[in-house]
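S.K.: got a predicted structure plus its sequence, pasted below:
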Protein chains: 2
Amino acid sequence: MKDSDGGAGHPAPRKRADARRNERTLLDAAAAVFVTSGVEAPVRDIASRAGVGVATIYRHFPTRAALIIAVYRHQVEACAEAGPALLASSASPHAALARWINLFVDFLVTKHGLAAVLQSDDAGFDTLHAYFLDRLVPVCAQLLEAAAVAGEIRSDVDAYELMRGVGNLCIGADNNPRYDARRLVELLISGLRLPR
Amino acid sequence: MKDSDGGAGHPAPRKRADARRNERTLLDAAAAVFVTSGVEAPVRDIASRAGVGVATIYRHFPTRAALIIAVYRHQVEACAEAGPALLASSASPHAALARWINLFVDFLVTKHGLAAVLQSDDAGFDTLHAYFLDRLVPVCAQLLEAAAVAGEIRSDVDAYELMRGVGNLCIGADNNPRYDARRLVELLISGLRLPR
DNA sequence: TAACGATAGGGAACGTTGTTCCGTTTGACA
DNA sequence: TGTCAAACGGAACAACGTTCCCTATCGTTA
């Protein structure tokens, strides 16, 4: 975790005012374009929406993954932090798990194309991949562990695999009335129950 | 179903010999390139592998979807026909369903990138999408119906949704030792069981 | 067998994307 | 106010899908 601005950051020479202004402008523009055209919208679209040149995007966000991470960082953090909270407030670990997964699914299906890009094996998205996984897999693992200890689910489920699976199920879930990712994820989660 | 060649096809003026030869050559080249570079390999790669110009590809296969369908048609047909056979030979409808889904998963995970393209909302892949769905959803529906009648699974599962879900779970399953689509699909299928 | 017309082919050309480069502008500080 | 590094804009490059047009070839017929 690097200090973004506040604090006594010695090696952070503080960027120029126009640079910081443009960074904010770009984040807003990207967020807006992502909503309408998906996270794979052309770079030029984002640039022109922000009123800057394309090079400015690359200067601030060296890869598209970095831009996507910056746009959604807050929501991912919130999701990650909700895990322990749900575990504390829910009736059972399995209920907490189910609700947390729902949170994640809600996040994904409302971000046009994000789920698809998240599973892409394009090398450019490696850091995006890594960020989501690093942040969320441990939370998922904690919930799985608690539910397993409580004897509610089988104990041979890998958190990484489950997160990938849930992410996959969310692909194409937007604007398709015949495909409801939530329902399938529920099915998957109920498949976690101890066979008997 | 249109007659490919044999039979008394009146409106089929029989293509020129070089055209038929190139079509076969292209199918072979495409199959080979798909194996090494995935189904989204550059058109030029396929053309040069076949020793023809790019326009020749478009003349025979107007869209990439058409080419993919042509390459995998046999295997898809075999999978579709295996459904009723499994239903007849398995101990229970649920077992038949599980085995049939496994067949489908095995097919998908061995075709580099096919699962991803199958769920893509790119308009160019609509016909590919439609072909797979038209051919396989009815088979799946039949198996689901039989299992539901036998009281083995819940009856509120939509075949289309299940097929999409299984297809989604297969995305990125190749060359990733930490992600086993088969395991997750099994979880999903076991989630189909009647809650009790 | 030679000539002809339609069929099919090859590769250049076009449009769209991501990415990089370079000359110009601008903010920060003395 | 002058200087200079930081930041900018847009042109330029590369890779891709797709189309176009001229040429080569096949099948037929005289």
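M.R.: All right, it came through fine.
S.K.: contacts, neighbours, all on C-alpha from now
M.R.: Fine.
S.K.: which parts of chain A sit against DNA strand D?
M.R.: Chain A has residues A:15-16, A:18-23, A:51-56, A:59-60 near DNA strand D, with proximity defined as CA under 7 Å from any atom of the strand.
S.K.: pull out the buried members of those.
M.R.: Buried members of the residues of chain A next to DNA strand D, scored by 16 or more other CA atoms under 10 Å in any protein chain shown, are A:22-23.
S.K.: residues of the helix or strand A:A82 falls within that come out buried?
M.R.: Element membership for A:A82 (DSSP states H and E) is helix A:64-89. By neighbour count with 16+ other CA under 10 Å, helix A:64-89 contains the buried residues A:64-69, A:71, A:76, A:79-80, A:82-84, A:86-87.
S.K.: and for stretch A:129-143?
M.R.: Neighbour counts over stretch A:129-143 (16+ other CA under 10 Å) mark A:129, A:131-133, A:136-137, A:139-143 as buried.
S.K.: same check, this time on stretch A:154-170
M.R.: For stretch A:154-170, by 16+ other CA under 10 Å, it's A:154-155, A:157, A:159-170.
S.K.: can you tell me which two in those residues are farthest apart?
M.R.: Using CA to CA, the buried residues of stretch A:154-170 span at most 24.2 Å, a distance reached by A:S155 and A:C170.
S.K.: could you list which of the buried residues of stretch A:129-143 also contact DNA strand C?
M.R.: Counting by CA under 7 Å from any atom of the strand, no member of those reaches DNA strand C.
S.K.: quick one: those as JSON lines, columns for pLDDT too.
M.R.: Output for the buried residues of stretch A:129-143, formatted as JSON lines (pLDDT from 0 to 100):
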{"residue": "A:H129", "pLDDT": "95"}
{"residue": "A:Y131", "pLDDT": "97"}
{"residue": "A:F132", "pLDDT": "97"}
{"residue": "A:L133", "pLDDT": "97"}
{"residue": "A:L136", "pLDDT": "98"}
{"residue": "A:V137", "pLDDT": "98"}
{"residue": "A:V139", "pLDDT": "98"}
{"residue": "A:C140", "pLDDT": "98"}
{"residue": "A:A141", "pLDDT": "98"}
{"residue": "A:Q142", "pLDDT": "97"}
{"residue": "A:L143", "pLDDT": "97"}
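S.K.: so for A:R196, what's the pLDDT?
M.R.: For A:R196, the pLDDT comes out at 60.
S.K.: cool, and A:A12?
M.R.: In this model, A:A12 is scored at 64, pLDDT.
S.K.: now do the one 3 residues further on
M.R.: Reported pLDDT at A:K15 in the predicted model: 88.
S.K.: right, and A:R182 touches A:N102 too?
M.R.: Yes - between A:R182 and A:N102 there is a contact under CA atoms under 8 Å: 7.3 Å.
S.K.: chain neighbours aside, what residue packs nearest to the residue of chain A found nearest chain B?
M.R.: Per CA to the nearest CA, the residue of chain A with the smallest distance to chain B is A:G191, at 3.7 Å. Closest residue to A:G191 apart from its sequence neighbours, by CA to CA, 6 or more residues apart in numbering or on different chains: B:G191 at 3.7 Å.
S.K.: contact partners for that neighbour?
M.R.: Taking CA atoms under 8 Å, 6 or more residues apart in numbering or on different chains, we find B:G191 in contact with A:187-192.
S.K.: do you know how far it is from B:P93?
M.R.: Using CA to CA, to the nearest Å, B:G191 is found at 15 Å from B:P93.
S.K.: can you check A:A31 too?
M.R.: As judged by CA to CA, A:A31 and B:P93 stand 48 Å apart.
S.K.: what residues of the helix or strand A:A32 falls within count as buried?
M.R.: Assigned by DSSP H and E, A:A32 belongs to helix A:17-37. Neighbour-count burial for helix A:17-37 flags A:22-23, A:25-31, A:33-34 (criterion: 16+ other CA under 10 Å).
S.K.: can you name the two of those that are farthest apart?
M.R.: Among those, A:N22 and A:F34 lie farthest apart (CA to CA), at 17.6 Å.
S.K.: is stretch A:41-53 anywhere near DNA strand C?
M.R.: Yes - residues of stretch A:41-53 contacting DNA strand C under CA under 7 Å from any atom of the strand: A:41-44.
S.K.: can you pull the poorly scored residue ranges out of chain A?
M.R.: By pLDDT under 70, the low-scoring segments of chain A are A:1-12, A:196.
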